[in-house]
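S.K.: how would this look folded up:
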Amino acid sequence: MTADPRRDIFFVSNSVDELGGVTSWSHQMARLFTGRGHRVHVIGVTDPEVVQELGELPYPTSTLYDVHPPRVGPARGIRGRLDLAERRRRAERAAGMREQAAKLSVLFRAARPGAVVIVTQVWAMEWVKLADTSGATVIGMSHESFAYSRVTSRFGRVRRHYRDVDRMLTLTREDADLWIRQGLDNASFMPNPIPFMPEVPSPRTAKVVVSVGRLTDQKGIDMLLDTWAEVAPRHPDWRLRIYGSGEDEEILRKQCTSLGLDGSVEWMGATADVPGALRGGSVFVLSSRGEGFPLAVMEAMAAALPCAAFDCAPGVHEIVRDGEDGLLAARGNTGELARRLDTLMSDKGLRDRMGEAARVNIQRYSTDEIVRRWEQLFVFLER
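M.R.: Numbers count the residues shown, from 1 in each chain. Next comes the predicted model:
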């Protein structure tokens with residue numbers, strides 16, 4: 001056991017600076033741990049296609065590959081196994097993985113006793129498994145709900161690659177229990193901390209509903225537009241303000257036009273000032289098909305906005321107390337989400353009560369509390 005409570009902590013992710021919640025979380029935790037005196041290093045496997053601006057960082061970052069590793073598919077049947085080109089790509093990829101994993105081994109071996117390796121995404125775990133992690137605690141994380149993971153290729157990889165780590169962490173107890181039933185007896189949970197706690201909350205005076213998130217299928221902006229098509233005629237003086245960018249932007253804008261919503265929907269693009277975006281609204285809406293422990297909802301509640309959200313993951317109904325600080329609708333039920341929005345948009349007194357309750361309730365995920373829980377976990381796993 002280490003006498004010095006300060007540790008070497010490595011975050012290993014798909015990339016250092018890809019756009020998305022996992023990256024935001026990783027750098028938030030890296031800053032918090034650095035502030036506590038730990039020595040932090042953030043490592044990515046490859047460079048992303050879409051970069052998130054991170055600003056100046058108080059800790060080093062590294063990326064293993066200069067170019068993306070060769071993509072290979074599963075070898076199905078005799079023909080797949082005999083495909084010489086595919087076999088060559090597989091051999092090149094395997095050799096490259098060993099070469100890059102050796103870089104990780106050098107970093108891990110140079111760490112002080114009590115080092116911790118936090119693998120934030122299961123794809124990155126494929127390289128960590130090939131590295132020398134002897135003497136270090138290895139924690140593997142899944143930042144999405146069990147249900148959402150189950151319909152993706154990540155489900156099998158989590159079961160395969162996280163089975164032998166020191167701890168597999170989900171974001172809620174409910175999801176951890178589901179993974180335990182899959183045979184991962186090392187599963188537990190750790191919620192996200194509040195990304196920020198603005199000194200000045202939203203006054204909730206503007207007739208604006210705010211959405212913040214990538215314009216991708218997961219975030220369900222198509223369902224949000226269908227929802228807004230039901231709400232907007234009843235509230236012609238309200239606007240839906242959508243912050244974010246992504247691969248589906250063009251098709252979503254066409255959908256908006258076809259629904260006749262161009263006069264009430266504002267496409268704001270990506271923003272580096274989320275607190276400012278939230279202060280300009282009175283209600284927050286989450287329309288995702290799947291989530292883990294959504295940072296955007298936490299940010300909105302910290303800004304004193306009541307949320308109307310699809311109950312698409314255990315993390316959502318753990319954060320939002322339905323009827324107290326927000327209103328939940330069944331996942332994918334746009335009519336129900338429209339009714340929840342209508343309720344909040346029609347009643348300023350209700351918006352104010354729920355918004356104030358949201359700002360108070362979300363403080364149970366304060367950064368001090370979550371960092372304390374992480375440090376307790378480090379000590380427990382080192383025994």
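
S.K.: which strands border the helix or strand encompassing V42, and is each parallel or antiparallel?
M.R.: If you go by DSSP states H and E, V42 is part of strand 39-44. Strand pairing for strand 39-44, determined by DSSP bridges: strand 8-13 (parallel), strand 61-63 (parallel).

S.K.: got the CA positions of the first one in PDB?
M.R.: As requested, C-alpha coordinates have been extracted for strand 8-13 and formatted as PDB (Å, rounded to 0.1, in the frame of the first residue of the first chain):
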ATOM      1  CA  ASP A   8       0.000   8.300 -11.000                       C
ATOM      2  CA  ILE A   9      -3.300   8.200 -12.900                       C
ATOM      3  CA  PHE A  10      -3.600   7.200 -16.500                       C
ATOM      4  CA  PHE A  11      -6.800   7.800 -18.500                       C
ATOM      5  CA  VAL A  12      -6.800   5.700 -21.700                       C
ATOM      6  CA  SER A  13      -9.500   6.500 -24.200                       C
END
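
S.K.: what does the next helix or strand after that strand rub up against?
M.R.: Counting by DSSP H and E, the next helix or strand C-terminal to strand 8-13 is helix 21-35. When contacts are defined by CB atoms under 8 Å, 6 or more residues apart in numbering, helix 21-35 is touched by residues 9, 11, 13-17, 40, 42, 52, 54, 57-59, 118, 120-121, 143, 192-193, 195, 292, 294-296, 367, 371, 374. Using the backbone N, CA and C atoms, a C-beta is placed for each residue, glycine as well.

S.K.: in helix 21-35, which residues are buried?
M.R.: G21, V22, T23, S24, W25, S26, H27, Q28, M29, A30, L32, F33 (16 or more other CB atoms under 10 Å).

S.K.: which pLDDT value goes with the second one?
M.R.: At V22, the model reports a pLDDT of 92.

S.K.: A102 versus that one, what's the distance?
M.R.: V22 sits 25 Å away from A102, going by CB to CB, to the nearest Å.

S.K.: go on, the first one?
M.R.: Relative to A102, G21 is positioned 30 Å away (criterion: CB to CB).

S.K.: then A303?
M.R.: 45 Å.

S.K.: more neighbours, the two?
M.R.: In this view A303 and A102 are compared by other CB atoms under 10 Å, and A303 has more residues nearby, 28 against 14.

S.K.: my guess is G183 meets R163, correct?
M.R.: Yes - the criterion here is CB atoms under 8 Å, and G183 meets it with R163 at 7.3 Å.

S.K.: between the two, which is the more surrounded one?
M.R.: When neighbours are counted by other CB under 10 Å, R163 comes out ahead of the other of G183 and R163, with 14 against 10.

S.K.: ok, now which ones touch the more buried one?
M.R.: Counted by CB under 8 Å, 6+ apart, R163 has contacts G183, L184, N186.

S.K.: if we go to 7 Å?
M.R.: R163 sits next to L184 when contact means CB atoms under 7 Å, 6 or more residues apart in numbering.

S.K.: go on, the one 4 residues further on?
M.R.: In this structure, R167 makes contact with I139, N186, S188, L377, L381, judged by CB under 7 Å, 6+ apart.

S.K.: beta-bridge partners for it, please?
M.R.: Beta-bridge partners, per DSSP bridges, of R167: I139.

S.K.: domains in the protein, by residue range?
M.R.: 8-193+366-382, 208-364 (automatic domain parsing).

S.K.: return the most buried member of those domains.
M.R.: domain 208-364 (a mean of 20; mean count of other CB atoms under 10 Å).

S.K.: run through the chain and note the low-pLDDT ranges.
M.R.: Applying pLDDT under 70 to the chain flags residues 1-4, 72-82.

S.K.: what ranges does this structure have for its strands?
M.R.: 8-13, 39-44, 61-63, 116-119, 137-141, 167-170, 187-189, 208-212, 239-243, 265-269, 283-286, 307-311, 326-330 (DSSP state E).

S.K.: who wins for proximity to R253 among the ones you listed?
M.R.: Nearest of the strands of the chain to R253, taken as CB to CB: strand 265-269 at 6.7 Å.

S.K.: give me the most central residue, this protein.
M.R.: Residue closest to the mean C-alpha point of the chain, counted by CA atoms, centre = their mean, is G21 at 3.5 Å.

S.K.: gap between that residue and Q121?
M.R.: On the measure of CB to CB, G21 and Q121 end up 11 Å apart.

S.K.: R383 now?
M.R.: For R383, the distance to Q121 - CB to CB - is 27 Å.

S.K.: contacting residues around D185?
M.R.: Listed by CB under 7 Å, 6+ apart, D185 has no contact partners.

S.K.: give me the phi and psi for it.
M.R.: When read as degrees, to the nearest 10, the backbone of D185 gives phi -70, psi -10.

S.K.: what about the helices in the stretch 151-300 of the chain?
M.R.: For the stretch 151-300 of the chain, the helices defined by DSSP state H, counting those that start in this stretch cover 154-161, 173-181, 221-231, 249-258, 274-279, 295-302.

S.K.: with just CA atoms, put the first one into PDB.
M.R.: Taking C-alpha atoms only, helix 154-161 is exported to PDB below (Å, rounded to 0.1, in the frame of the first residue of the first chain):
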ATOM      1  CA  ARG A 154     -19.500  -3.000 -27.500                       C
ATOM      2  CA  PHE A 155     -21.600  -5.400 -25.400                       C
ATOM      3  CA  GLY A 156     -19.500  -8.400 -26.300                       C
ATOM      4  CA  ARG A 157     -16.300  -6.500 -26.000                       C
ATOM      5  CA  VAL A 158     -17.200  -5.300 -22.500                       C
ATOM      6  CA  ARG A 159     -17.900  -8.900 -21.400                       C
ATOM      7  CA  ARG A 160     -14.700 -10.100 -23.000                       C
ATOM      8  CA  HIS A 161     -12.200  -7.300 -22.200                       C
END
